[in-house]
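1. heads up, no residue letters with this:
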């Protein structure tokens, strides 16, 4: 079977923890100021609420595309326990092909513990199962897909990168990536090769700083520098400030869609997945960014990386009714 796009990456269980801490501490990270969510060391703290949802960067984006009527598949490795069975149920619900899902030796699903802060942002603690991604037939998958999406690359899935680049060689198939912390910290050289081959890259502001190795640049300079690495389009998200976009002809700033934020986890995945889907449907860059901002914001309104994702009909109605400011800078 042929797919408009196939994603490579992981699926995890997201556990949203609403802890009582209201203490934010300012420190340093990668040479710049960083706010830390703080808890008293050695104490026992009661949790106010917990929420569960399916997550994982690649999974979130592929679900977003599927809800917008894009024919998708996800290539990953899953075990055999109940949580993995629930993952298959989600795939069936949204017509996501499981043709390229391999069975792993480990029964568990990976976990992301999402600590919600007092201002609507979050800190995420990630655990990934040591699944064998070498059994994935990358060459065959690329052959049967019009485009490739890569996100959530970790230690055990890192071997996919070289195989994907090799399979794409000599083709005009589009590559979209959302870099992971592992790629930025442990495998920057391979990541830069992928960026050079990309149709579009999306990352947050701190990740962009890590990619370019600098913290002293204005946003337009950062966009331009990453664009020079080879990608045709670059998106940098910047929390409550919105997002920024650059291609060969334009710079855009995307104003945040006003909605009360709760979780935040998965909103960037929905943003990028929506942008890709809209581009595949022939929407303009401006309209694609507008719809991406709305869908990302609706995810942030829920505790769950996929719960707020909109379908095509809903998204068109909201963008017509409310809209989002996308302006050239």
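-> Right, received. Where do you want to start? These numbers come from a predicted model, not from an experiment.
2. what about the helices in the chain?
-> Taking DSSP state H as the criterion, the chain carries its helices at 57-67, 82-93, 138-143, 160-168, 181-186, 188-197, 205-212, 219-228, 267-280, 285-300, 312-321.
3. Could you dump these into JSON lines and include distance to residue 4, mean neighbour count and mean pLDDT?
-> Where you see a C-beta, it was placed from the backbone N, CA and C, and this is true even at glycine. Putting those into JSON lines (distance: least, CB to CB, whole Å; neighbours: other CB atoms under 10 Å; pLDDT from 0 to 100) gives the following:
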{"stretch": "helix 57-67", "distance to residue 4": "8", "mean neighbour count": "29", "mean pLDDT": "97"}
{"stretch": "helix 82-93", "distance to residue 4": "16", "mean neighbour count": "15", "mean pLDDT": "81"}
{"stretch": "helix 138-143", "distance to residue 4": "13", "mean neighbour count": "18", "mean pLDDT": "98"}
{"stretch": "helix 160-168", "distance to residue 4": "16", "mean neighbour count": "18", "mean pLDDT": "98"}
{"stretch": "helix 181-186", "distance to residue 4": "25", "mean neighbour count": "17", "mean pLDDT": "94"}
{"stretch": "helix 188-197", "distance to residue 4": "19", "mean neighbour count": "17", "mean pLDDT": "97"}
{"stretch": "helix 205-212", "distance to residue 4": "26", "mean neighbour count": "20", "mean pLDDT": "95"}
{"stretch": "helix 219-228", "distance to residue 4": "25", "mean neighbour count": "17", "mean pLDDT": "97"}
{"stretch": "helix 267-280", "distance to residue 4": "6", "mean neighbour count": "28", "mean pLDDT": "97"}
{"stretch": "helix 285-300", "distance to residue 4": "15", "mean neighbour count": "24", "mean pLDDT": "96"}
{"stretch": "helix 312-321", "distance to residue 4": "14", "mean neighbour count": "14", "mean pLDDT": "95"}
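4. tell me the contacts of the most centrally placed residue in the chain?
-> The centroid of the chain falls nearest to residue 269 when counting by CA atoms, centre = their mean (3.1 Å). Going by CB atoms under 8 Å, 6 or more residues apart in numbering, residue 269 touches 57, 60, 61, 64, 151, 178, 299, 305.
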